[in-house]
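> Got a predicted structure plus its sequence, pasted below:
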Amino acid sequence: NLEPQNQSSFEVGADLRFFNGRLRLDATYYYQKTTKNIVRLDVANSTGFFYMRKNAGVITNEGVEILLGATPVQTRNFHWDIDVNFASNKQLVKELDPSVKAYTLASGYEGTQIKAVEGESFSLYGSYWLRDENGNFAISENGTRIKSSDTKNLGKVSPDWTMGIGNTFSYKGLSLSFLLDIRYGGVMYSGTVQQLRTSGLAEETLGNDRAEIIDKGFVYKDGQNTGEKNTKAITPYQFWNTNYDKSITEANVFDATFIKLREIVLAYQMPKKWFEHCFIGSLSVGFEARNLWLIKSNVPHIDPEASIFGPSSVGSGIEYAGIPSTRSYGFNIKLTF
């Protein structure tokens, strides 16, 4: 009964130039619809199989891509060019087969999952801290937070938008360029942060000379709010080891927004007159550095781009013991003949 997966798309755009090219705009709007998505579904082993493939849903992607460029300063020897690249994509699971309530795209640890649920974007699901109607923590009689017995949507894994801002300054043959990379929105789960906190290796676990902690919230007894503010003091070990355990997904979920200095390039183009009587047409030398500075991040201790599934995977919202990111430096020589 398997049918081919179908994809239809619509795209419209404009490429505009003003003031002899000193102001440039390239804008695109797109809408993509994928129907009869072929997915792998687990089945009871009593059938003699482990899984089956089925046409199970309709997914849409709608968004814009905008490239805005300008040359604010242009003289005989000096140029300043700036380019801003903006992209925003809204993904939506429009429809799932009635037999499929939710489709798991990727799994992490202790029930953490990336799911496709009808009416939502691909989202991170997992356990969470119980709270009252005002958002206050539900605290057990022993002074620690109470976790849920079920799971819920903790946020979509894709960003609301991304942006790159590039600047290039050129003076005669010398040029300097740098690129800022911005991601806004989306969430991620960090198993590395969880391990650091529960083992007492994260800086924030040091606290106030390891003084006991009274967690803010209301005491719950037999599943009911007693109306009493928590006054039970617990050790830093109890606070971090219990409240931030890997079984509580929400404790280790963070806003994945970041700003990075992605790249710097310094290059020098040798004057052509130097090679007028030589077989060399042109010669330039350059130095480049990448992934230099994580300017802003809401995820402590790690690079928010880290992922055990890879940055292009649907499971990019889950990280566990990822390899630390590194800076890279390079030198190049370019010749033409």
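Cool, got the structure. Worth saying up front: this structure is predicted, and the values here are computed from it rather than measured.
> Next, the contact list for the most centrally placed residue in the chain, please.
Residue closest to the average C-alpha location in the chain (CA atoms, centre = their mean): Ala256, at 4.9 Å. When contacts are counted by CB atoms under 8 Å, 6 or more residues apart in numbering, Ala256 touches Val157, Pro159, Arg183, Gly185, Gly186, Val187, Met188, Asn298, Val299, Pro304, Gly317. All C-beta spots, glycine's among them, are computed from the backbone N, C-alpha and C.
> run the last query once more with 7 Å
Pro159, Arg183, Gly186, Val187, Met188, Val299, Pro304 (CB atoms under 7 Å, 6 or more residues apart in numbering).
> now the strands: where do they sit in the stretch 101-250 of the chain?
Taking DSSP state E, counting those that start in this stretch, the strands of the stretch 101-250 of the chain run over residues 102-107, 113-117, 123-126, 138-139, 152-156, 161-171, 174-184, 187-190, 218-221, 224-229.
> Give me the below-cutoff pLDDT ranges for the stretch 101-250 of the chain.
The stretch 101-250 of the chain contains residues with pLDDT under 70 at 208-209.
> that older thread, pull out the buried members of the contacts of Ala256.
Among the contacts of Ala256, those that count as buried by neighbour count (16 or more other CB atoms under 10 Å) are Pro159, Arg183, Gly186, Val187, Met188, Val299, Pro304.
> and the gap between the first one and Asp181?
Counting by CB to CB, to the nearest Å, the gap from Pro159 to Asp181 is 11 Å.
> what does the fifth one give?
Using CB to CB, we find Met188 at a distance of 16 Å from Asp181.
> ok, now Ala289?
Noted for Ala289: a distance of 14 Å to Asp181, by CB to CB.
> Residue most distant from the centroid, this structure?
His277 (53.0 Å).
> Rebuild the contacts of Ala256 as CSV, extending it with distance to Asp132.
Listed next are these as CSV, based on distance: CB to CB, whole Å:
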residue, distance to Asp132
Pro159, 31
Arg183, 33
Gly186, 28
Val187, 23
Met188, 27
Val299, 28
Pro304, 31
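> Mind picking the two most distant members of those residues?
Largest separation among the contacts of Ala256 by CB to CB: Pro159 and Val299, giving 13.4 Å.
> from the chain's centre, how far out does stretch 50-62 sit?
Chain-centre distance of stretch 50-62: 24 Å, with CA atoms, centre = their mean, to the nearest Å.
> Next, the residue lying closest to Ser170 once chain neighbours are set aside: phi, psi?
Leaving aside its sequence neighbours, Ser170 sits nearest to His79 (CB to CB, 6 or more residues apart in numbering; 4.3 Å). Here is the backbone geometry of His79 (degrees, to the nearest 10): phi -130, psi 140.
> Distance-wise, check His79 relative to Lys152.
As judged by CB to CB, His79 and Lys152 stand 53 Å apart.
> How about Lys229?
Lys229 is 26 Å from Lys152, where distance means CB to CB.
> can you check Leu68 too?
Between Leu68 and Lys152 the distance, using CB to CB, works out to 39 Å.
> now Ser284: how far from Gly322?
Relative to Gly322, and taking CB to CB, Ser284 is found at 36 Å.
> ok, Phe10 - contacts?
So Phe10 contacts Tyr30, Tyr31 (CB under 7 Å, 6+ apart).
> For the helix or strand encompassing it, give the mean pLDDT please.
Secondary structure from DSSP states H and E places Phe10 in strand 6-18. Averaged across strand 6-18, pLDDT comes to 96.
> Which neighbours in the sheet does that strand have, and how are they oriented?
Strand pairing for strand 6-18, determined by DSSP bridges: strand 23-35 (antiparallel).
> can you give me the offset of the helix or strand just after the strand it pairs with from its chain's centre?
Where DSSP H and E defines the elements, the next helix or strand beyond strand 23-35 is strand 38-42. Mean C-alpha position of strand 38-42 versus that of the full chain (CA atoms, centre = their mean) differs by 26 Å.
> Give me the angle between strand 38-42 and strand 102-107.
Orientation check (axes from the mean of the first three to the mean of the last three CA atoms, to 10 degrees): strand 38-42 against strand 102-107 gives 90 degrees.
> before we move on, the earlier item: go through the strand holding Phe10 and flag the buried ones.
Buried-residue list, strand 6-18, by 16+ other CB under 10 Å: empty.
> How far off centre is that strand?
Worked out by CA atoms, centre = their mean, strand 6-18 lies 26 Å from the chain centre.
> Lys334: neighbouring residues, count only.
Look at Lys334: counted by other CB atoms under 10 Å, it has 11 neighbours.
> show me the contacts for it.
Contacts of Lys334 by CB under 7 Å, 6+ apart are Ser284.
> can we see that at 8 Å?
Ser282, Leu283, Ser284, Val285, Gly286.
> element containing it?
For Lys334, the element it lies in under DSSP H and E is strand 328-336.
> picking up where we left off before, in a markdown table: the strands of the stretch 101-250 of the chain, plus distance to Tyr237.
As requested, these are exported to a markdown table (distance: least, CB to CB, whole Å):
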| stretch | distance to Tyr237 |
| --- | --- |
| strand 102-107 | 29 |
| strand 113-117 | 29 |
| strand 123-126 | 24 |
| strand 138-139 | 17 |
| strand 152-156 | 26 |
| strand 161-171 | 40 |
| strand 174-184 | 35 |
| strand 187-190 | 21 |
| strand 218-221 | 21 |
| strand 224-229 | 23 |
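> That's all I had, so thanks and see you.
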